[in-house]
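1. 3D model of this:
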Amino acid sequence: MPNITLNSVVKTYGGKSLAVDNLTTTFPSGEFICLLGPSGCGKTTTLRMIAGLERPDSGEIRFGDEVFYSSQTGTYLRPEKRKLGLMFQSYALWPHMTVEQNVVFGLAMKRMPREDQAKRFTELAKLFHLDGLGQRYPRELSGGQQQRVALARMLAVSPDLLLLDEPLSNLDASLRLEMRAELKRLHQTLGCTVIFVTHDQLEAMTMATSIAVMNKGRIEQMAKPMDIYRHPSSHFVANFVGSPPMNMLTPGEAPGLASEMTKILGTPADRAGTVGIRPEALRLTGQPANGGLKATIDTIQPTGADWIIGLQAEGRQLFALSSEPPPADIGAEVGLNLKADGIHAFDQNGKAVGPSL
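-> Coordinates of the predicted model:
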């Protein structure tokens, strides 16, 4: 299966608002890639340009040897010619059609014989657990069942590429968990290339084989989920990926803590414009050691499995994440230990720095 390649792709709206800024990247074949970022970062626009629903201002988009778009040659391949499946936040099922009619709609448009349509529906009904639902209408289905129908309809035409734009955002928490597992299983079963747009980092971390973190129309970092988390390449990536977000200290803030962090990291203080530490890398002890780091417990937020503990250290608000109950109550002073692999440093331009960089 071919790679998806974007070369110097630019997209503006009204000639003024820059949505995608000279984007050059390759999405490898067979990967489950999540475009992750805040609202307005360009992730949906990128997906829609790959789908052919938006036309770039300039650049080139290729799927293997096939050119989807090229400003240099004037090539523009219409969406229906791109052999891809597309699914939006709204499932857009036909309310007057049964489940089976919705699933085989694309096949009917291609004038596939009815017996072949029925055979294809049987295959997909088994894959998506839709057995016995073929004659129901969308209004008679749960949210999870409607999503399965939309996925089955997308796969009915055997697309070479799957594009998903926040398809889980309308589901409740339990259904989202179920459908994340369903989508991951689907990718493992089919082995096709999937590009999934989301602003939910949990979805990206749990489903993707690669995450592309976008900011202001550019990809800041693309790597495997745990590499994104453990080795963020920029201040933006470090702050965006993680919940609670990384504790960031700029020069002058909590100087004792910041000095200890740069010492542990081995980065010269004059090279670190900002230092950060993951909440789970802040370890609380019952009593501060003589001359050691200390903080005061400000808030305690139990989540069930973990505790999010708000701290005041040298006049700075910090958050710690612990799987163990807090060692003291609100208002008590506690000691701080720092876990080295949760500490990161960034230069004045927001790029990651380290002792060997």
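2. nearest residue to P279 in space, please, no chain neighbours.
-> Counting by Cβ to Cβ, 6 or more residues apart in numbering, L321 is the residue found nearest to P279 once chain neighbours are left out, at 3.8 Å. C-betas here are computed from N, CA, C, even on glycine.
3. next up, the contacts around that neighbour.
-> By Cβ atoms under 8 Å, 6 or more residues apart in numbering, the contact list for L321 reads 244, 278-280, 282, 306-309.
4. of the residues you listed, which pair is most distant in space?
-> Spanning the widest gap among the contacts of L321 are R278 and W307, at 15.1 Å by Cβ to Cβ.
5. those two - which one has more neighbours?
-> R278 (22 against 17; other Cβ atoms under 10 Å).
6. my read: the more buried one touches P245, true?
-> No - here R278 lies out of contact with P245, judged by Cβ atoms under 8 Å, at a distance of 9.1 Å.
7. hey, where'd the strands end up in the stretch 101-250 of the chain?
-> Secondary structure of the stretch 101-250 of the chain (DSSP state E, counting those that start in this stretch): strands located at 161-165, 193-198, 210-215, 218-223, 247-249.
8. what pairs with the shortest one, parallel or antiparallel?
-> Think strand 247-249. strand 274-277 (antiparallel) (DSSP bridges).
9. which residues does the partner strand contact?
-> For strand 274-277, contacts defined as Cβ under 8 Å, 6+ apart pick out 235, 238-239, 246-250, 258, 261-262, 265, 267, 338, 342-346, 350.
10. could you point out which element follows that strand?
-> Next along the chain after strand 274-277, taking DSSP states H and E as the criterion, comes strand 282-285.
11. so what touches that next one?
-> Contact with strand 282-285 is made by 247, 295, 309, 311, 318-322, 326-328, 334-339, 342, as judged by Cβ under 8 Å, 6+ apart.
12. can you turn the buried part of the residues you listed into a PyMOL selection?
-> Here is the PyMOL command that picks out the buried ones among the contacts of strand 282-285, judged by 16 or more other Cβ atoms under 10 Å:
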select buried, resi 247+295+309+311+318+319+320+321+322+326+327+328+334+335+336+338+342
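13. return the subset of the contacts of strand 282-285 lying in strands.
-> Applying DSSP state E to those, the entries found in strands are 247, 295, 309, 311, 318-322, 334-338.
14. so where is the stretch 251-357 of the chain shaky, pLDDT-wise?
-> Across the stretch 251-357 of the chain, the ranges flagged by pLDDT under 70 are 268-270, 355-357.
15. repeat the analysis, applying 50 as the threshold.
-> 356-357 (pLDDT under 50).
16. check which residues of stretch 94-110 are buried.
-> So for stretch 94-110, counting by 16+ other Cβ under 10 Å, buried means 98-107.
17. er, stretch 298-307 I mean
-> Within stretch 298-307, the residues scored as buried using 16+ other Cβ under 10 Å are W307.
18. end-to-end on that stretch?
-> 13 Å (Cα to Cα, to the nearest Å).
19. which residues touch it?
-> 308-312, 317, 321-326, 329-330.
20. nearest to L162, of those residues?
-> Checking those against L162 by Cβ to Cβ gives L321 as the nearest, at 34.0 Å.
21. beta-bridge partners for the closest one, please?
-> Beta-bridge partners for L321, by DSSP bridges, are I308.
22. D341 contacts A281, doesn't it?
-> Yes - D341 lies in contact with A281 (Cβ under 8 Å); the separation is 7.1 Å.
23. compare these two (neighbour count), which wins?
-> Using other Cβ under 10 Å, the more surrounded residue of D341 and A281 is A281, with 21 against 11.
24. give the contact list for that one.
-> Contacts of A281 (Cβ under 8 Å, 6+ apart): 338-343.
25. next, format those residues as CSV and append distance to I211.
-> Formatted as CSV, these follow (distance: Cβ to Cβ, whole Å):
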residue, distance to I211
L338, 26
K339, 23
A340, 24
D341, 19
G342, 19
I343, 22
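26. ok, so of these, who is nearest L202?
-> Ranked by distance to L202 (Cβ to Cβ), the contacts of A281 are led by G342 at 18.8 Å.
27. against P28, how distant is the residue nearest to that closest one when sequence neighbours are not counted?
-> Counting by Cβ to Cβ, 6+ apart, A281 is the residue found nearest to G342 once chain neighbours are left out, at 2.3 Å. Separation of A281 from P28 (Cβ to Cβ, to the nearest Å) stands at 31 Å.
28. what do you get for R111?
-> R111 sits 35 Å away from P28, going by Cβ to Cβ.
29. same question, P288
-> Counting by Cβ to Cβ, the gap from P288 to P28 is 49 Å.
30. now the angle from the longest helix along the chain to strand 193-198?
-> Counting by DSSP state H, the longest helix found in the chain is helix 173-190. Orientation of helix 173-190 against strand 193-198 (axes from the mean of the first three to the mean of the last three Cα atoms, to 10 degrees) gives an angle of 160 degrees.
31. what's the average pLDDT for helix 173-190?
-> The average pLDDT within helix 173-190 is 81.
32. next one: stretch 217-228
-> In this model, stretch 217-228 has an average pLDDT of 96.
33. and if you look at stretch 141-153?
-> Mean pLDDT, computed over stretch 141-153, is 86.
34. just so I have it, where are all the helices in the stretch 1-150 of the chain?
-> Applying DSSP state H, counting those that start in this stretch to the stretch 1-150 of the chain gives helices spanning 43-51, 99-103, 105-109, 114-127, 143-156.
35. ok, I61 - contacts?
-> Applying Cβ under 8 Å, 6+ apart, the residues contacting I61 are 4-7, 9, 49-50, 67-70.
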